[in-house]
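> Next input, structure requested:
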Amino acid sequence: MSTTTAIKAKQRPGDRVFSGSAVFAGSMILVTLAAVAIFLIVQSLPAFFADSEDASILPTNFWAYVGPLVFGTVWAATLALIMAIPVSIGIALFISHYAPRRLASVLGYIVDLLAAVPSVVFGLWGIGVLAPAVQPLYSWLVDNLGWFPLFAGPVSGTGRTILTAGIVLAVMVLPIMTAICREVFLQTPVLHEEAALALGATRWEMIRTAVLPFGRSGIISAAVLGLGRALGETMAVAMVLSASGAVTFQLLTSVNPSTIAANIALSFPEAYGMNVNVLIATGLILFIVTFVVNAFARWIVSRRKEFSGAN
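Below is the predicted model of the structure:
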């Protein structure tokens with residue numbers, strides 16, 4: 001009898017149940033992912049070859065319809081990450097290395113609590129508070145920096161622009177990114193921090209040379225999780241953004257691109273026939289974009305692993 005067979009024979013019933021349950025739970029992730037992918041592909045195939053005669057929402061063909069939506073989705077998520085990454089890193093560093101213990105625990109609780117706020121609440125805040133508040137700033141930017149392509153006019157009179165949607169998305173992804181960065185920074189070996197301080201480094205130099213290199217892969221992971229939520233966010237963007245379906249990099253005008261998720265939410269209730277397949281096909285495109293982004297991020301993490309203290 002081999003050693004492996006002997007070990008299996010000596011396993012208790014509870015061990016076998018737990019092992020089987022763990023295998024089942026792990027395999028269900030793959031089964032669920034495969035089921036979603038198969039459903040999307042089967043329902044999307046007719047839409048790929050449809051035109052404006054088959055589906056009323058298509059301008060000419062499916063790719064002309066989904067192209068601006070992909071652009072708007074990626075553009076809004078990119079704006080959100082540009083604003084959220086430095087803020088989340090700053091908050092995480094303050095909580096983990098600067099704030100007193102009692103204040104750090106309170107701030108950490110508040111940040112975690114923000115993650116539980118429904119997206120509809122963020123959408124209402126964006127419409128009722130943020131958009132009217134930033135509209136005068138948008139007017140000033142167009143008047144004084146209108147020569148810069150991103151701030152070209154005419155300015156939106158409501159403030160419901162792609163930049164406002166990006167700000168709302170940045171606030172929404174901030175809690176999860178901050179929480180991950182904070183936990184990663186707290187895992188920095190104390191010996192590394194003390195060694196940097198013993199060599200005469202200031203606290204910021206210690207953070208720059210010991211904490212940030214150690215947490216680099218964690219920062220990338222936090223950014224990817226934030227990007228995943230920003231790409232798939234629906235209600236907040238649908239409520240805040242005044243979309244026209246255009247492809248433009250201008251941030252402050254009333255001509256704004258839409259996003260895939262928001263377009264599905266706004267169009268699906270009235271969709272029928274081939275229009276339903278078209279909307280499901282746009283969901284498949286979003287599924288592929290999210291998968292590609294996560295795969296790219298994992299590749300970056302694996303490439304930079306040798307430069308991180310995490311290994």
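> list the buried ones in the helix or strand hosting Leu107?
Per DSSP states H and E: Leu107 is located in helix 101-114. Under the neighbour-count criterion of 16 or more other C-beta atoms under 10 Å, helix 101-114 has Ala104, Leu107, Gly108, Val111 buried. Yep, even glycine has a C-beta here, placed from its N, CA and C like the rest.
> Looking at those, which one is closest to Trp63?
Closest approach to Trp63 among those (C-beta to C-beta): Val111, at 40.9 Å.
> Tell me who's in contact with that closest one.
Ile91, Ile95, Leu174, Pro175, Thr178, Ala179, Arg182 (C-beta atoms under 8 Å, 6 or more residues apart in numbering).
> looking at it, the second one is touching Arg182, isn't it?
Yes - using C-beta atoms under 8 Å, Ile95 makes contact with Arg182 at a distance of 5.3 Å.
> These two: who's more crowded?
Arg182 (27 against 22; other C-beta atoms under 10 Å).
> sec struct for the more buried one, please.
When classified by DSSP: H, G, I helix; E, B strand; the rest coil, Arg182 comes out as helix.
> Can you tell me, leaving aside adjacent residues, what's nearest to it?
Leaving aside its sequence neighbours, Arg182 sits nearest to Ala92 (C-beta to C-beta, 6 or more residues apart in numbering; 4.1 Å).
> go on, Glu205?
Ala196 (6.9 Å).
> Isn't that neighbour up against Met206?
Yes - counting by C-beta under 8 Å, Met206 is a contact partner of Ala196 at 4.1 Å.
> re the thing from before, so who does the residue nearest to Glu205 touch?
Counting by C-beta under 8 Å, 6+ apart, the residues that Ala196 touches are Glu205, Met206, Thr209, Ala210.
> Low-confidence ranges, the stretch 1-150 of the chain, go.
1-11 (pLDDT under 70).
> Can you pull the phi and psi angles for Ser254?
phi -80, psi 0 (degrees, to the nearest 10).
> What are the buried residues along stretch 256-269?
In stretch 256-269, counting by 16+ other C-beta under 10 Å, buried: Asn256, Pro257, Ser258, Thr259, Ile260, Ala261, Ala262, Asn263, Ile264, Ala265, Ser267.
> and after the helix or strand hosting Val237, which helix or strand comes next?
Per DSSP H and E: Val237 is located in helix 235-240. Sequence order places helix 260-267 as the next helix or strand after helix 235-240, per DSSP H and E.
> relative to helix 260-267, how tilted is the helix or strand just after that next one?
Next along the chain after helix 260-267, taking DSSP H and E as the criterion, comes helix 274-304. Helix 274-304 and helix 260-267 are oriented at 160 degrees to each other (axes from the mean of the first three to the mean of the last three C-alpha atoms, to 10 degrees).
> Can you give the distance from helix 274-304 to the centre of its chain?
12 Å (C-alpha atoms, centre = their mean, to the nearest Å).
> That helix - contacts with which helices or strands?
Packed against helix 274-304 by the contact rule (3 or more C-beta pairs under 8 Å, 6 or more residues apart in numbering; DSSP states H and E) you find helix 13-48, helix 62-93, helix 216-232, helix 260-267.
> Please produce a markdown table containing the ones you listed, extended by distance to Asn294.
As requested, the helices and strands packed on helix 274-304 are arranged in a markdown table below (distance: least, C-beta to C-beta, whole Å):
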| stretch | distance to Asn294 |
| --- | --- |
| helix 13-48 | 12 |
| helix 62-93 | 13 |
| helix 216-232 | 6 |
| helix 260-267 | 16 |
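> Between these, which one is closest to Ile285.
helix 62-93 (5.5 Å).
> now the closest one against helix 216-232, angle please.
Using the same axes, to 10 degrees: helix 62-93 against helix 216-232 is 140 degrees.
> helices or strands up against helix 62-93?
helix 162-186, helix 216-232, helix 260-267, helix 274-304.
> which parts of the last one are buried?
Meaning helix 274-304. 274-287, 289-290, 293, 297, 300-301.
> now do the first one
If you call a residue buried by 16+ other C-beta under 10 Å, then helix 162-186 has these buried ones: 162-182, 184-185.
> now for it, which elements pack on it?
Applying 3+ C-beta pairs under 8 Å, 6+ apart, one finds that helix 162-186 makes contact with helix 62-93, helix 101-114, helix 119-125, helix 131-145, helix 216-232, helix 235-240.
> so which of those helices gets nearest Arg12?
Nearest of the helices and strands packed on helix 162-186 to Arg12, taken as C-beta to C-beta: helix 216-232 at 36.6 Å.
> how far off helix 162-186 does that closest one point, in degrees?
Going by the same axes, to 10 degrees, helix 216-232 makes 150 degrees with helix 162-186.
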